[in-house]
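Chemist: compute the structure for the input listed below.
(one chain, ligands or ions: 1)
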Amino acid sequence: MAMAAIRDRSVVLRRHDYSETSQIVVLFTREHGKVRVIAKGIKRSTKTRCAVGIDLLEVGVAVFSGGRETSSGLASLTEWKQTLGLGGLRERIGRIHAGQYAVDVTAGLTEDWDPHESIFGALVELLTRLVDATDVITPLYFFQRALLVGIGLMPELHRCVKCGKATSLTHFSSFEGGMLCKTCAPAQREKRAVTPITRRLLADNRGPGEACGGDDGGQQSDYLGPFRALNYHLAHLMGKEPALARCILSVKRK
Ligand SMILES: [Zn+2]
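Modeler: Numbering: from 1, shown residues only. A predicted model of the protein is given here:
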C-alpha cells in the first residue's frame with residue numbers, strides 16, 4: 001500500500017550528509033512537528049554547482065512520506081521548495097548564529113511528530129526578523145519565550161515559586177521553574193541571581209512588536225539579561241548549553 005504523501009511548511013533544523021548523494025534532514029514542520037527525512041539524490045554537487053540541495057535555516061514546503069510507523073523513524077523527502085528568501089540572514093555571522101541557536105533549542109526540546117504550530121510560527125517570524133537585524137538578542141529572547149510557552153515549560157516569572165510572594169525576587173531557579181524571593185533563595189542550591197531590570201523585563205508579557213517599539217537600532221540589547229536567564233533555563237532543560245550561546249553572548253559583551 002502506497003503511503004500518503006504529506007505536504008507541510010517546514011524549517012530546516014539540522015542536516016548532515018548520509019552518503020555521496022543523500023542527506024538526513026531534520027525539519028520542523030508546521031502541522032507535524034519535528035520530522036526526520038532522508039533526502040536522496042539531492043546533495044549539492046561540486047561538479048554542476050547548480051544542483052539543488054537543502055541548507056540549514058531554509059524555510060519551504062516539503063513533501064514526504066512514511067517515517068511515523070517505521071523503526072528508523074525516517075520519512076522520505078520527495079520534494080523541497082524554498083518559499084521564503086532569507087538572503088540577509090547569511091550576510092552577518094551574528095544573524096546566522098542566532099538562527100542556529102533557535103533551531104538547536106527547537107530540535108533539542110521538541111519530540112518527533114509532535115506538532116507545535118505556535119513554535120513554528122515563532123521560528124519563521126524570528127528568521128524573518130533576523131534578515132535585517134542589528135540587535136539579534138531581542139528577537140531571539142522573544143523566540144525563547146515562544147518556545148517555552150509552546151512546550152509548556154515557561155517558568156513562573158511574576159512571583160516566588162516557593163512562597164508566592166511577588167516582591168523582593170532576587171534569583172531564578174531552573175529546577176524550581178521560576179523566581180525565588182530573597183527569603184526562599186538561600187535554601188535553593190541551583191539558582192542564578194537576577195538583576196532588578198532583568199526581573200522587570202522577564203515579568204513583562206508584551207510581545208516583541210510592542211516591546212521593540214522604541215528600538216533605536218542600538219547595538220546593545222536591553223534584553224541581554226533576560227536572554228541569559230532563559231538561556232540558563234534552556235540549558236538546564238536540554239542538559240547542555242545550546243549551540244552558539246557562547247558566541248552570541250561573547251559578541252554582545254564587547
Ligand atoms: Zn519566597
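Chemist: C-alpha only now, for contacts and for neighbours.
Modeler: Will do.
Chemist: what lies in contact with stretch 130-145?
Modeler: Outside of stretch 130-145, the residues within contact range by C-alpha atoms under 8 Å, 6 or more residues apart in numbering are 86-90, 94-95, 98-99, 102, 122-123, 126, 129, 154, 207-208, 217-224, 226-227, 230-231, 248.
Chemist: what is the end-to-end distance of it?
Modeler: 16 Å (C-alpha to C-alpha, to the nearest Å).
Chemist: now that stretch, how far from the centre of its chain.
Modeler: 11 Å (C-alpha atoms, centre = their mean, to the nearest Å).
Chemist: going by neighbour count, which residues in that stretch are buried?
Modeler: Judged by neighbour count using 16 or more other C-alpha atoms under 10 Å, the buried positions of stretch 130-145 are 130-145.
Chemist: and stretch 71-79, by the same measure?
Modeler: Result for stretch 71-79 [16+ other C-alpha under 10 Å]: buried residues Leu74, Ala75, Ser76, Leu77, Thr78.
Chemist: now the phi/psi pair for the first one, please.
Modeler: Here the main-chain torsion angles of Leu74 (degrees, to the nearest 10) amount to phi -90, psi 120.
Chemist: now Phe175
Modeler: According to degrees, to the nearest 10, Phe175 has phi -60, psi -40.
Chemist: Leu157 now?
Modeler: According to degrees, to the nearest 10, Leu157 has phi -110, psi 0.
Chemist: based on its surroundings, how many neighbours for it?
Modeler: For Leu157, the neighbour count with other C-alpha atoms under 10 Å is 21.
Chemist: does it touch Cys181 like I think?
Modeler: No. Between Leu157 and Cys181 there is no contact under C-alpha atoms under 8 Å: 11.1 Å.
Chemist: please consider this matter closed, and thank you.
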